[in-house]
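> just need the structure, nothing else, for what follows:
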Amino acid sequence: MKIILRWLSALWAACPYTMLGKKAFHWVRGDTKPVTPVSDRARHLQGQVRIGWAIVLVGFFCPFFWIALFTGIRGQTLYFNALHSGLVMLFGFGYLIRCLMELARERRKRIG
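Residues are numbered from 1 along each chain as shown. Down below sits the predicted model:
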């Protein structure tokens, strides 16, 4: 059960709408974080993996596709929206896999 909750929490944290909401919330409150340059390549790559998951989620939760599906639109419009969402997801998975491979290579390089 903890694994499922941890996975859902990670999925929720990777959602671009959640990230945007958090940034807007902190901006309204006036919270500022000091900007520090990324010096650790592994930390940078972990951030890139998160961006890959965000791209996949944007493709999956594309409002144009879901609106078209739930309003009963059929034919080429629905196919176009499904194709577009699928291509965004495919791009996100490709970016994610590339970053995961680089992260694994970076970790192997540090170990040995």
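
> what about residue 44, which helix or strand?
helix 41-60 (DSSP states H and E).

> just the mean pLDDT for the helix or strand that that helix is followed by, thanks.
Per DSSP H and E, the first helix or strand lying C-terminal to helix 41-60 is helix 63-70. Mean pLDDT, helix 63-70: 91.

> now do the buried residues in helix 63-70.
Buried residues in helix 63-70, counted by 16 or more other C-beta atoms under 10 Å: 65, 68. All C-beta spots, glycine's among them, are computed from the backbone N, C-alpha and C.

> name the helices or strands packed onto it?
helix 76-111 (3 or more C-beta pairs under 8 Å, 6 or more residues apart in numbering; DSSP states H and E).

> can you tell me what sits against the helix or strand hosting residue 25?
Using DSSP H and E, residue 25 sits in helix 16-29. The contact list for helix 16-29 (C-beta atoms under 8 Å, 6 or more residues apart in numbering) reads 12-13, 33, 54-55, 57-58, 61.

> what's the farthest-apart pair in those?
By the measure C-beta to C-beta, 33 and 61 form the most distant pair in those, at 27.2 Å.
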